[in-house]
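Colleague: structure, please.
(chains A, B, C and D)
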There are 2 protein chains.
Amino acid sequence: MSLAETINRPTLHQELVDRIRNLVIEDKLKPGEKVPEKDLCEAFGVSRTPLREALKVLASEGFVVLQANRGARVTHVTRQELADTFPVIARLEQLAGELACVQLSDVDIAAIEARHAAMLAAYKAQDRPAYFQANQDIHQALIQGSQNKILQDHHKLLAARIQRARFMVNLSDDRWAEAIAEHETMMGHLRARDSAQLGQTMKTHIENKFAAFINGIDAEKGG
Amino acid sequence: MSLAETINRPTLHQELVDRIRNLVIEDKLKPGEKVPEKDLCEAFGVSRTPLREALKVLASEGFVVLQANRGARVTHVTRQELADTFPVIARLEQLAGELACVQLSDVDIAAIEARHAAMLAAYKAQDRPAYFQANQDIHQALIQGSQNKILQDHHKLLAARIQRARFMVNLSDDRWAEAIAEHETMMGHLRARDSAQLGQTMKTHIENKFAAFINGIDAEKGG
DNA sequence: GAATGTAATTATGAATTCATAATTAAGTCA
DNA sequence: TGACTTAATTATGAATTCATAATTACATTC
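Modeller: Below you'll find the model as predicted:
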């Protein structure tokens, strides 16, 4: 352990970027909604300057759109954006899987194994929140395991942008079973350190997730 | 054609983001160098507010780093960043190739064919600037041809960030010949609309480009 | 009563101002 | 001479102010 934690006093705008991004991800600020500078300034107790700086950054990240003299609005997660994003995430996770297979230590893999077991337990118990958490932990561990900072940064941004769509549709029983099976396959490849196969399976896993997602949207719209 | 073009009057900060980013890409502002607000304000004839907004955005894009109370510095393009970025770009171009193969019209492909011919001519004439331009046009056309906005945005950002490293090493005769051969293969797959093969070749093409790049750096360092 | 034009209000883009952290320069003592 | 203090200067983060674009409310005309 190091002697002291690095002093972490972010500037106001850095803090605000994170806070407001979370408001968007958590659906507290809803798509299409105007982001009123005045109200947020009061809510956060800051002046307009750092808040406006934060909005510029969030705009470059794609969470809001700015219109000159008309302020910021939360962006919609369109079906087209989802259709464009999932394939890119799939390729990033494929690459992450290939790299993680080589980079991860046996201890790291054991930790993932534990989360995998927790995920299976959550499935058996039909505990969706626990499943989602374990599932995300596993994917996150593999992304981190890639040791590739660029990959991590871009994945994080894309994941955050589409996470808002998670309310659009529920996980079906069929898809849940399928996802569990895919994770079993992934785990097998990771144990065998078969990087090409792990990558391929992760790519397909994300592609299938997207397909199920689209099916879910259409089903709800039709029903 | 629509009745009218959308009015495009960018705000100062949007203009400044582009201008300063270009200064960094064109190596006018060099890695490690401090970005003095005062001087840039005078140079661009704007106040500090929009300039500082622009710096926040450029920081989120990775072109500068901000240190609280110590301002902005241009980021270094480290070898690690190159090593992390090329594989990601390779996967993005692979995906782009697969999609473009399906999406591009015959007319689009004919246009790429023309740029390909221009590239070959530049090679025969040993005209490096003309080669680089035609080469970039071809890759750009394929990225655009993917019709995937997310892919395009992320590719653009990554390409811009590493473009600054182009001065680090020269294109060797061997690598040039190899690159030409790879482009011939790509063109063949595009003509045949073999998306998997085009994607695979584009991925390998970028990976080889990176390998040559690293060799070039090591050679210059050793010599 | 709907449509158009005008005034009042509000919100936003940008400049300026202010407080303070960093940096530099000057001074002091061993 | 050189390390350490301390004062002066500079640069930066953030608040405030200002000018103007957008919006709303209201009036007027047909």
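Colleague: quick one: contacts for A:Phe167?
Modeller: Residues near A:Phe167 by Cβ atoms under 8 Å, 6 or more residues apart in numbering or on different chains: A:Asp27. For every residue, glycine as well, the C-beta is placed using N, CA and C.
Colleague: same thing but at 10 Å, please
Modeller: With contacts defined as Cβ atoms under 10 Å, 6 or more residues apart in numbering or on different chains, A:Phe167 is in contact with A:Asp27, A:Val77.
Colleague: contacting residues for A:Ile214?
Modeller: A:Ile214 neighbours (Cβ under 10 Å, 6+ apart): A:Arg79, A:Leu82, A:Ala83, A:Phe86, A:Val169.
Colleague: show me how to select, in PyMOL, the buried members of the residues you listed.
Modeller: What follows is the PyMOL syntax selecting those of the contacts of A:Ile214 that are buried according to 16 or more other Cβ atoms under 10 Å in any protein chain shown:
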select buried, chain A and resi 82+86+169
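Colleague: which pair in the contacts of A:Ile214 spans the largest distance?
Modeller: Greatest spatial distance among those (Cβ to Cβ): A:Ala83 and A:Val169, at 14.2 Å.
Colleague: next one: phi and psi at A:Val35?
Modeller: A:Val35 has phi and psi values of phi -100, psi 100 when expressed as degrees, to the nearest 10.
Colleague: what's the burial count for it?
Modeller: If you count neighbours by other Cβ atoms under 10 Å in any protein chain shown, A:Val35 ends up with 21.
Colleague: again with the one 10 residues further on
Modeller: A:Gly45 sits with 7 neighbouring residues when counted by other Cβ under 10 Å.
Colleague: where's it relative to DNA strand D, distance?
Modeller: Applying Cβ to the nearest atom of the strand, to the nearest Å, the value for A:Gly45 to DNA strand D is 7 Å.
Colleague: who are the contact partners of that residue?
Modeller: A:Gly45 sits next to A:Leu12 when contact means Cβ under 10 Å, 6+ apart.
Colleague: go on, A:Leu58?
Modeller: A:16-17, A:20-21, A:24, A:35, A:64-66, A:72, A:74-75, B:57, B:60.
Colleague: what's the answer for A:Gln133, then?
Modeller: Here A:Gln133 is in contact with A:Arg115, A:Ala118, A:Met119, A:Ala122, A:Asp127 (Cβ under 10 Å, 6+ apart).
Colleague: before we move on, the earlier item: nearest to B:Arg48 among the contacts of A:Ile214?
Modeller: For those, the nearest to B:Arg48 is A:Leu82 (39.3 Å; Cβ to Cβ).
Colleague: quick one: mean pLDDT for stretch A:113-132?
Modeller: When pLDDT is averaged along stretch A:113-132, the result is 98.
Colleague: again with stretch A:89-101
Modeller: 98.
Colleague: for the helix of greatest length in chain A, buried residues please.
Modeller: Longest helix in chain A, counting residues (DSSP state H): helix A:195-222. Buried residues in helix A:195-222, counted by 16+ other Cβ under 10 Å: A:195, A:197-203, A:205-207, A:209-210, A:212-213, A:216.
Colleague: ok, stretch A:109-116 next?
Modeller: Buried residues in stretch A:109-116, counted by 16+ other Cβ under 10 Å: A:Ile109, A:Ile112, A:Arg115, A:His116.
Colleague: and the helix or strand containing the first one, what does it pack onto?
Modeller: In other words, A:Ile109. Following DSSP states H and E, one finds A:Ile109 within helix A:106-124. Under the contact definition 3 or more Cβ pairs under 10 Å, 6 or more residues apart in numbering or on different chains; DSSP states H and E, helix A:106-124 sits against helix A:79-103, helix A:128-145, helix A:173-191.
Colleague: return the most buried member of these.
Modeller: helix A:79-103 (a mean of 21; mean count of other Cβ atoms under 10 Å in any protein chain shown).
Colleague: what about whatever residue of chain A ends up closest to DNA strand C, how many neighbours?
Modeller: Per Cβ to the nearest atom of the strand, A:Gly71 is where chain A lies closest to DNA strand C, at 2.4 Å. Per other Cβ under 10 Å, the neighbour tally for A:Gly71 reads 15.
Colleague: same check, this time on A:Ala68
Modeller: 12.
Colleague: separation between the nearest residue to it once chain neighbours are set aside and A:Leu66?
Modeller: Leaving out its chain neighbours, the residue that sits closest to A:Ala68 by Cβ to Cβ, 6 or more residues apart in numbering or on different chains is B:Thr11, at 5.2 Å. Between B:Thr11 and A:Leu66 the distance, using Cβ to Cβ, to the nearest Å, works out to 8 Å.
Colleague: sorry, back to before: hmm, which two among the buried residues of helix A:195-222 are most spread apart?
Modeller: A:Ser195 and A:Gly216 (31.5 Å).
Colleague: which residues of chain A score low on pLDDT?
Modeller: Within chain A, the stretches with pLDDT under 70 are A:1-9, A:223.
Colleague: list the contacts for the most centrally placed residue in it?
Modeller: Nearest residue to the geometric centre of chain A (Cα atoms, centre = their mean): A:Ala159, 3.0 Å. For A:Ala159, the contacting residues are A:Ile25, A:Thr85, A:Ile89, A:Leu92, A:Glu93, A:Gln136, A:His139, A:Gln140, A:Ile143, by Cβ under 10 Å, 6+ apart.
Colleague: go again with 7 Å.
Modeller: A:Ala159 is in contact with A:Ile89, counting by Cβ atoms under 7 Å, 6 or more residues apart in numbering or on different chains.
Colleague: now do the one 5 residues further on
Modeller: Taking Cβ under 7 Å, 6+ apart, we find A:Arg164 in contact with A:Val24, A:Ile25, A:Asp27, A:Val77.
Colleague: between those, which is closest to DNA strand D?
Modeller: Using Cβ to the nearest atom of the strand, A:Val24 comes nearest to DNA strand D of the contacts of A:Arg164, at 20.5 Å.
Colleague: how about the nearest residue to the closest one, chain neighbours excluded?
Modeller: A:Phe63 (4.9 Å).
Colleague: so the one you found makes contact with A:Thr75?
Modeller: Yes: with contact defined as Cβ atoms under 7 Å, A:Phe63 reaches A:Thr75; the gap is 6.2 Å.
Colleague: higher neighbour count, the two?
Modeller: The neighbour count for A:Phe63 versus A:Thr75, taken as other Cβ under 10 Å, is higher for A:Phe63 (24 against 19).
Colleague: could you check how far that one is from A:Gln80?
Modeller: A:Phe63 is 17 Å from A:Gln80, by Cβ to Cβ.
Colleague: what would the helices and strands packed on helix A:106-124 look like in CSV with distance to DNA strand C?
Modeller: CSV is the format used below for the helices and strands packed on helix A:106-124 (distance: least, Cβ to the nearest atom of the strand, whole Å):
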stretch, distance to DNA strand C
helix A:79-103, 23
helix A:128-145, 30
helix A:173-191, 41
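Colleague: can I get the helix or strand harbouring A:Leu55 in CSV, CA atoms only?
Modeller: Assigning secondary structure by DSSP H and E places A:Leu55 in helix A:48-61. Provided in CSV are the C-alpha atoms of helix A:48-61 (Å, rounded to 0.1, in the frame of the first residue of the first chain):
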residue,chain,number,x,y,z
ARG,A,48,-22.7,28.8,-14.8
THR,A,49,-19.1,28.8,-16.0
PRO,A,50,-18.0,25.3,-14.8
LEU,A,51,-21.5,23.9,-15.6
ARG,A,52,-21.3,25.1,-19.1
GLU,A,53,-17.8,23.7,-19.5
ALA,A,54,-19.2,20.4,-18.4
LEU,A,55,-22.0,20.6,-20.9
LYS,A,56,-19.5,21.1,-23.7
VAL,A,57,-17.6,17.9,-22.7
LEU,A,58,-20.8,16.0,-22.4
ALA,A,59,-21.8,17.2,-25.9
SER,A,60,-18.5,15.9,-27.3
GLU,A,61,-19.2,12.6,-25.6
